[in-house]
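1. With the sequence up front, the predicted model follows.
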Amino acid sequence: MPALNVEFSERELADLRQIAKERGTSMKALVREAAAADIARHRALQEGAETFRGFFAAHAAEFAAAFPDDEPAVRSAPAPASAPAPTSTSAPAAASAPASASASADGEAA
């Protein structure tokens with residue numbers, strides 16, 4: 001069976017020893033159980049997200065009708081090359097939009 005060496009701080013190691021002792025199990029079993037639980041949680045979150053995406057895609061028209069203000073703006077065709085470009089006195093959209101980063105609950109980029 002494949003194995004993995006994991007480094008812990010002195011404090012983490014002491015905590016693991018204490019928890020394993022309280023539960024009447026080995027440190028190896030405790031760490032393996034924690035990893036298995038996190039893997040199961042990660043898989044469940046992935047499956048739930050996929051189910052949600054499928055449901056949303058299947059009912060996209062219903063959502064659009066129910067929440068029209070939340071629909072993205074429809075882009076119009078670009079102006080002909082001979083037409084002057086519209087001018088704007090406001091700040092560029094990129095500068096005024098808040099920065100965001102997507103990450104799942106487990107820290108992986110979405």
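-> Happy to help now that I have it. Residues are numbered from 1 along each chain as shown.

2. all contacts plus neighbour counts: C-alpha atoms, from now on.
-> Noted.

3. The helix or strand harbouring Ala34: what's the following helix or strand?
-> In this assignment (DSSP states H and E), Ala34 forms part of helix 27-58. Downstream of helix 27-58, the first helix or strand assigned by DSSP H and E is helix 60-66.

4. what sits up against that following helix?
-> With CA atoms under 8 Å, 6 or more residues apart in numbering as the test, helix 60-66 has contacts from Phe56, Asp70, Glu71.

5. residues near the residue nearest to the second one when sequence neighbours are not counted, how many?
-> The spatial neighbour of Asp70 that comes closest, neighbours along the chain excluded (CA to CA, 6 or more residues apart in numbering), is Ala64 at 7.7 Å. Number of residues near Ala64 (other CA atoms under 10 Å) recorded here: 13.

6. Can you list the low-confidence ranges for this structure?
-> 75-110 (pLDDT under 70).

7. 90 instead?
-> Filtered on pLDDT under 90, the chain yields the residue ranges 1, 70-110.
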